[in-house]
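In: Here is the input, now give the coordinates:
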Amino acid sequence: MKRYSAGDRVMYIFIYSFLILLGFATFYPFWNALVISFNVGADTSMGGITFWPRAFTIENYEIVFKDQRIINGFMISVLRTVVGTVLAILCTSVFAYGMSKKELMGKKYYMIMCIITMYFSGGLIPTFMVIRGLGLTNTFWVFIIPGLISVWNMIIFRTFFRGLPAGLEESAKIDGCGNWSTFFRIVIPLSGPVIATLSLFTAIAHWNDWFGPAIYISNENLLPIQTILKQILDSNIMSEQLANLDSASQGRLSSMKSVTSRSLTMATMMVATLPIICVYPFVQKFFVKGVLVGSLKE
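Out: Model (predicted):
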């Protein structure tokens, strides 16, 4: 058994104590919001809700799931995340595969042009004018097309592809595979870790984006749930949500007198947050392997 000096023990105690406090400070706000979402709203307004619901209820979620606006926003977010992630990873990986070829003419100039876009952008107004000029405003594709290519992800893909043994592609070409067959049959199956990692990063970016839809979308039927949640937090429109319920639900709600704006906001926040959190454990093991292999091999 390894023996530690007194100084090492003090350092380890300090490090672990700091990490525990940091973890608690990160996790507690989320846990408290979850607890409030399962607590009676009228009871929550009295304060003192910390780690456990004092008066457990699922009425907040019943009201949330009866709001067609939130359900529609949730479906838009799911569709956007799935379609946007698949197409972005496909387009970015194909681009990176071409950029990884040594025989590509002018690849240094292409790379310089790509790098410039990482440091300089046209700004919000020119970008809006381009999006409007392309006819993408108030369409579902405004969520997808502007984010099809990520230069940072392309660099990681390219570096990972360069690290693959050259003999694999040479053998595939001897067997009669072209570039597309080699890419989809050889390269992609070997790129599982980096694909999983970048897919999660891309999915999180799509799921959490509320600003883009707030700028480019005026049709409420196309707003994702994150933008709807931002509107709820900004303007406190839960009273409108309650007013839009059918008469039977309003009568039941008035008889309960237990749902408040804050409790409904927390329930909506959980509906918007939990799905992407549930995805994380399935790809966590690919994080270090995917990012480090993709970024360190040259």
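In: Residue 136 against residue 142, yeah?
Out: Yes: shown here, residue 136 and residue 142 form a contact pair, counting by CB atoms under 8 Å, at 4.1 Å. Quick note: C-beta positions are derived from backbone N, CA and C, even for glycine.
In: Those two - which one has more neighbours?
Out: Legend: neighbour count by other CB atoms under 10 Å for residue 136 and residue 142, higher for residue 142 (22 against 17).
In: The more buried one contacts residue 130, correct?
Out: No: Residue 142 lies out of contact with residue 130 (CB under 8 Å); the separation is 11.1 Å.
In: anything in contact with each of residue 136 and residue 142?
Out: Common neighbours of residue 136 and residue 142 are listed as residue 216 (criterion: CB atoms under 8 Å, 6 or more residues apart in numbering).
In: any idea which element residue 270 lies in?
Out: Residue 270 is part of helix 261-283, with elements assigned from DSSP states H and E.
In: low-scoring pLDDT stretches of the stretch 101-250 of the chain, where are they?
Out: Along the stretch 101-250 of the chain, the model assigns pLDDT under 70 to residues 235-250.
In: which residue ranges form the helices in it?
Out: Ranges of helices in the stretch 101-250 of the chain, per DSSP state H, counting those that start in this stretch, are 107-119, 124-133, 151-162, 166-174, 179-182, 188-190, 192-208, 211-216, 225-235, 238-243, 247-256.
In: nearest residue to residue 208 other than its sequence neighbours?
Out: residue 226 (6.1 Å; CB to CB, 6 or more residues apart in numbering).
In: Can you give me the neighbour number for that neighbour?
Out: Per other CB under 10 Å, the neighbour tally for residue 226 reads 24.
In: which ones are touching it?
Out: Taking CB under 8 Å, 6+ apart, we find residue 226 in contact with 73, 77, 207-210, 213, 272.
In: Show me which of these are buried.
Out: Buried members of the contacts of residue 226, counted by 16 or more other CB atoms under 10 Å: 73, 77, 207, 209-210, 213, 272.
In: Format these as TSV; extra columns: distance to residue 200.
Out: Below are the buried ones among the contacts of residue 226 laid out as TSV (distance: CB to CB, whole Å):
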residue	distance to residue 200
73	22
77	16
207	10
209	15
210	19
213	21
272	17
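In: domains for this structure, by residue range?
Out: Following the assignment in automatic domain parsing, the chain carries domains at 6-58, 61-296.
In: winner for burial among these?
Out: domain 61-296 (a mean of 16; mean count of other CB atoms under 10 Å).
In: to the chain's geometric centre, what's the distance from that one?
Out: In terms of CA atoms, centre = their mean, to the nearest Å, the centre of domain 61-296 is found 6 Å from the chain centre.
In: With distance to residue 262 as added columns, please give the contacts of residue 226 in CSV.
Out: Shown next, in CSV, are those (distance: CB to CB, whole Å):
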residue, distance to residue 262
73, 20
77, 23
207, 24
208, 22
209, 25
210, 20
213, 25
272, 16
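In: Now flag whichever of these is closest to residue 47.
Out: residue 272 (24.9 Å; CB to CB).
In: The closest one contacts residue 231, doesn't it?
Out: No: between residue 272 and residue 231 there is no contact under CB under 8 Å: 12.0 Å.
In: Let me see the contact set for residue 262.
Out: Shown in contact with residue 262 (CB under 8 Å, 6+ apart): 36, 41, 44-45.
In: go on, residue 149?
Out: Here residue 149 is in contact with 88, 91-92, 95 (criterion: CB under 8 Å, 6+ apart).
In: Show me which pair in these is furthest apart.
Out: Most distant of the contacts of residue 149, by CB to CB, are 88 and 95, 10.6 Å apart.
In: ok, residue 204 touching residue 276?
Out: Yes: assessed by CB under 8 Å, residue 204 is found in contact with residue 276 at 6.0 Å.
In: dump the residue contacts of the closest residue to residue 100 other than its chain neighbours.
Out: Spatial nearest neighbour of residue 100, excluding adjacent residues (CB to CB, 6+ apart): residue 161 at 4.0 Å. The neighbours of residue 161, taking CB under 8 Å, 6+ apart as the test, are 96-97, 100, 187, 191.
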